[in-house]
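**Student:** I'll drop the sequence and a predicted model, then ask my questions.
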Amino acid sequence: MSTEKVDILILGSGPTGLGAATRLKQHGKHDWLILDQAEEAGGLACTDLTPEGFLFDMGGHVIFSHWDYFDQLLDTALGSGSDAWNTLERVSYVWMDNRYVAYPFQNNISALNKEQQIKCLTGLVEAKVKNSLAQGKPANFDEWIMRVMGPGIADLFMRPYNFKVWAVPTTMMQCNWLGERVATVDVDRAISNVINNKEDAGWGPNAVFRFPTQGGTGAIWKGVAKLLPQEKQRYKETVTNIDKEAKTVTLATGAKIQYNSLLSTLPLDVTLRWLGKSDWADGLQHSSSHIIGIGIRGVSPHGTKCWLYYPEADCPYYRCTVFSNYAKLNCPADGVQLPTLCMGDGSPSASNGAANPGPYWSLMFEVSESQYKPVNQEPVQLGGKAWPAVVKETLLGALATTLMQAGDEVVSIYHRRIEHGYPTPSLGRDEVLAKALPWLQQYNIWSRGRFGSYKYEVANQDHSMMLGVEAADNILFGTKELTLNYPDIVNAKKNSELVWSLNNAA
Ligand SMILES: Cc1cc2nc3c(=O)[nH]c(=O)nc-3n(C[C@H](O)[C@H](O)[C@H](O)COP(=O)(O)OP(=O)(O)OC[C@H]3O[C@@H](n4cnc5c(N)ncnc54)[C@H](O)[C@@H]3O)c2cc1C
């Protein structure tokens, strides 16, 4: 078999790979190729369609943008008007003690009962005093929580919620990654909100966000892929190995492709094992994600709520998105006739398979999994089909948390497990990255992206795309990669230096 040659080979057609390819095209480069094992572009930022016509993203994808370049690329891919995008106001709550507490939790202690309010406020004051005397940085995320929020908020919300999200105890996580990610506490504001019994939801970079009117988050990246030459994109091609000396990748077909520069967006732990560095790979941790979608007949009872957080043990998920609120076309049209698969409590429907019209609404749930937090995947019957037990647990959790009612008619069920869901900011992560990324680069391998460079603080869609853009510039010109190396700087503001323009594209 002859070996194909290409100057720049990109592995993975998610936001990072597509960002790099976009940039290479913009610079007028022609000798590049992008490979992906999936059927189409998008990576984790893709959208699945159920047989009944419901769309589900791989978890609640909210667009944050730290770059004009990112905004311009999205506008070029999908258009900029209201035909292409819905603008949604962030409406987000924490479900606790059978009631909704506005988010961020720490600014909304007023919604708790008196005993909880006292615990949280005395804890906050205690933390403020202790923190002012503390020496050095907190040794882990748990210490950070205790120093910033105190024991009340730690026990009620931060520890249980973060364990549900990350699937590792907060003592096993570092705190360098935090930046703008977790709202810290303004103690005066927290106390004044309690005294004035005030709901205080406005913070952070995503008070308003936009979402595609059609096709879910996946439509964005399919649109970006369409702007690129089709002959330079190959799908259903699985990479099985990399030979760093020969500068070749091997595909599942046995074919080899030789490169001068390799930009890999594959998980770094996988790449390191291929290259004989299992000890480094062992220092990187990730959690897996289960995405569960439920399509329901009727009208959503949840108003304009976008996503909701669940720190308690009454349901398996840490977050639920009212996905039908993001776009009307996330559900089938009202006139589409669908049979009821099962009732809201999982019991069989009495309708004997009769199809009825909508309207419809949908919920999308996220459940994390790791060796510290296993997920029950034994098959159980639900709606006439075998599903992993976590799907049924989710349905029952939706009942317990009043997201659904026992009499609701479930018309569509969706489940997907993603092995690499969240890159864990583990205690040993930075040490591994400091060794592994420069070592790979000695062999002309740029490992970048949500799992390519494993930095959760720069692992959203905008960051990932920019990791790809900056890696392309680094390969071509040796330019510094700001997003990879200075997450705090890029996250602190909107970055307007780079301009994406179709007119410049060769
Ligand atoms: C649960 C969840 C919630 C999220 N929420 C948000 C959010 O709210 N906002 C936001 O902006 N972002 C969010 N994200 C992050 C977003 O999905 C990522 O930023 C983005 O998809 C990462 O892009 P990437 O290109 O680095 O990697 P990926 O999207 O993982 O792409 C990597 C590609 O490599 C391919 N690949 C892997 N192995 C091989 C192989 N051996 N051979 C060939 N191809 C291979 C894969 O098929 C994939 O297409 C979320 C992600 C998850 C999982």
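**Tutor:** Okay, I see it.
**Student:** Could you check stretch 35-49 against the ligand for contacts?
**Tutor:** Yes. Using Cβ under 6 Å from any ligand atom, stretch 35-49 comes into contact with the ligand via 35-38, 43-45. C-beta: built from backbone N, CA, C; applies to glycine.
**Student:** Could you pull up the mean pLDDT of that stretch?
**Tutor:** Average pLDDT, stretch 35-49: 98.
**Student:** how long is it from one end to the other?
**Tutor:** End-to-end distance of stretch 35-49 (Cα to Cα, to the nearest Å): 23 Å.
**Student:** Mind listing what's buried along it?
**Tutor:** Of the residues in stretch 35-49, 35-37, 41-47 count as buried by neighbour count, 16 or more other Cβ atoms under 10 Å.
**Student:** Let me know the closest of the residues of stretch 35-49 next to the ligand to residue 445.
**Tutor:** Of all the residues of stretch 35-49 next to the ligand, residue 445 sits closest to residue 35, with 14.5 Å by Cβ to Cβ.
**Student:** For the closest one, give its distance to residue 380.
**Tutor:** 37 Å (Cβ to Cβ, to the nearest Å).
**Student:** Kindly report the same for residue 57.
**Tutor:** Residue 57 sits 25 Å away from residue 380, going by Cβ to Cβ.
**Student:** out of the residues of stretch 35-49 next to the ligand, which are inside strands?
**Tutor:** Among those, the members falling in strands (DSSP state E) are residue 35.
**Student:** and the two most separated of the residues of stretch 35-49 next to the ligand?
**Tutor:** Of all pairs drawn from those, the greatest distance, 17.6 Å, lies between 35 and 45 (Cβ to Cβ).
**Student:** Measure how far stretch 58-68 is from the centre of its chain, please.
**Tutor:** How far stretch 58-68 lies from its chain's middle: 9 Å, per Cα atoms, centre = their mean, to the nearest Å.
**Student:** any chance you could map the strands in the stretch 101-250 of the chain?
**Tutor:** Secondary structure of the stretch 101-250 of the chain (DSSP state E, counting those that start in this stretch): strands at 208-212, 233-234, 239-243, 248-251.
**Student:** my read: residue 430 touches residue 177, true?
**Tutor:** No. The pair residue 430 / residue 177 is not scored as a contact, 9.2 Å apart, by Cβ atoms under 8 Å.
**Student:** how near is the residue nearest to residue 443 when sequence neighbours are not counted to residue 440?
**Tutor:** Nearest residue to residue 443, sequence neighbours excluded (Cβ to Cβ, 6 or more residues apart in numbering): residue 244, at 4.0 Å. Distance of residue 244 to residue 440, given as Cβ to Cβ: 8 Å.
**Student:** now do residue 287
**Tutor:** Distance, residue 287 to residue 440, using Cβ to Cβ: 24 Å.
**Student:** Same check on residue 411?
**Tutor:** According to Cβ to Cβ, residue 411 stands 48 Å off from residue 440.
**Student:** re the thing from before, please identify which of the residues of stretch 35-49 next to the ligand is nearest to residue 373.
**Tutor:** residue 44 (19.9 Å).
**Student:** which residues does that closest one contact?
**Tutor:** Contact analysis of residue 44 by Cβ atoms under 8 Å, 6 or more residues apart in numbering lists 14, 58, 418, 421, 450.
**Student:** can you give me the helices for the stretch 101-250 of the chain?
**Tutor:** Ranges of helices in the stretch 101-250 of the chain, per DSSP state H, counting those that start in this stretch, are 114-133, 141-148, 150-153, 159-166, 187-195, 216-226.
**Student:** The nearest residue to residue 196 once chain neighbours are set aside and residue 311: what is the separation?
**Tutor:** Spatial nearest neighbour of residue 196, excluding adjacent residues (Cβ to Cβ, 6+ apart): residue 110 at 7.6 Å. Distance, residue 110 to residue 311, using Cβ to Cβ: 18 Å.
**Student:** ok, now residue 109?
**Tutor:** 14 Å.
**Student:** What are the buried residues along the helix or strand of the chain with the lowest mean pLDDT?
**Tutor:** Using mean pLDDT, DSSP states H and E, the weakest-scoring helix or strand in the chain turns out to be helix 187-195, at a mean of 86. Neighbour-count burial for helix 187-195 flags 187, 190-191, 193-194 (criterion: 16+ other Cβ under 10 Å).
**Student:** how about JSON lines for the residues you listed, with distance to residue 90 added?
**Tutor:** Listed next are these as JSON lines, based on distance: Cβ to Cβ, whole Å:
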{"residue": "187", "distance to residue 90": "24"}
{"residue": "190", "distance to residue 90": "20"}
{"residue": "191", "distance to residue 90": "25"}
{"residue": "193", "distance to residue 90": "18"}
{"residue": "194", "distance to residue 90": "23"}
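**Student:** filter those residues down to the ones close to the ligand.
**Tutor:** Of the buried residues of helix 187-195, not one also sits near the ligand (Cβ under 6 Å from any ligand atom).
**Student:** Pick out whichever of the residues you listed sits closest to residue 270.
**Tutor:** Comparing the buried residues of helix 187-195 against residue 270 with Cβ to Cβ picks out residue 190 as the nearest, at 43.2 Å.
**Student:** how many neighbours does the residue of the stretch 351-500 of the chain found nearest the ligand have?
**Tutor:** When scored by Cβ to the nearest ligand atom, the stretch 351-500 of the chain has residue 449 as its residue closest to the ligand, at 2.5 Å. Applying other Cβ atoms under 10 Å, we find 35 residues neighbouring residue 449.
**Student:** pLDDT score for it?
**Tutor:** The per-residue pLDDT reported for residue 449 equals 98.
**Student:** swap in residue 207?
**Tutor:** Looking at residue 207, its pLDDT is 82.
**Student:** Residue 157 versus the closest residue to it other than its chain neighbours, what's the distance?
**Tutor:** Leaving out its chain neighbours, the residue that sits closest to residue 207 by Cβ to Cβ, 6+ apart is residue 90, at 5.3 Å. Using Cβ to Cβ, residue 90 is found at 18 Å from residue 157.
**Student:** more neighbours, these two?
**Tutor:** More neighbours surround residue 157 than the other of residue 90 and residue 157, with 25 against 17 (other Cβ under 10 Å).
**Student:** now the angle between strand 208-212 and the helix or strand residue 86 falls within, please.
**Tutor:** Per DSSP states H and E, residue 86 falls inside strand 85-89. Angle, strand 85-89 to strand 208-212, by axes from the mean of the first three to the mean of the last three Cα atoms, to 10 degrees: 150 degrees.
**Student:** give me every residue that touches the spatially closest residue to residue 397 that is not a sequence neighbour.
**Tutor:** Distance criterion Cβ to Cβ, 6+ apart; nearest residue to residue 397, sequence neighbours excluded, is residue 315 at 2.6 Å. Residues near residue 315 by Cβ under 8 Å, 6+ apart: 393-394, 396-398, 400-401.
**Student:** pLDDT below threshold where in the chain?
**Tutor:** The model of the chain has pLDDT under 70 over residues 1, 179-184, 202-206, 497-506.
**Student:** Domain parsing of the protein, as residue ranges.
**Tutor:** 4-43+65-76+213-285+424-504, 101-195, 287-422 (automatic domain parsing).
**Student:** and the spatially closest residue to residue 246 that is not a sequence neighbour, bridged to which residues?
**Tutor:** Spatially, and ignoring its direct neighbours in sequence, residue 246 is nearest to residue 258 (7.2 Å; Cβ to Cβ, 6+ apart). Beta bridges link residue 258 to residue 5, residue 248, judged by DSSP bridges.
**Student:** hang on, residue 258 packs against residue 250?
**Tutor:** No. In this structure, residue 258 is not within contact of residue 250 by Cβ under 8 Å, at 10.8 Å.
**Student:** Understood, closing this out.
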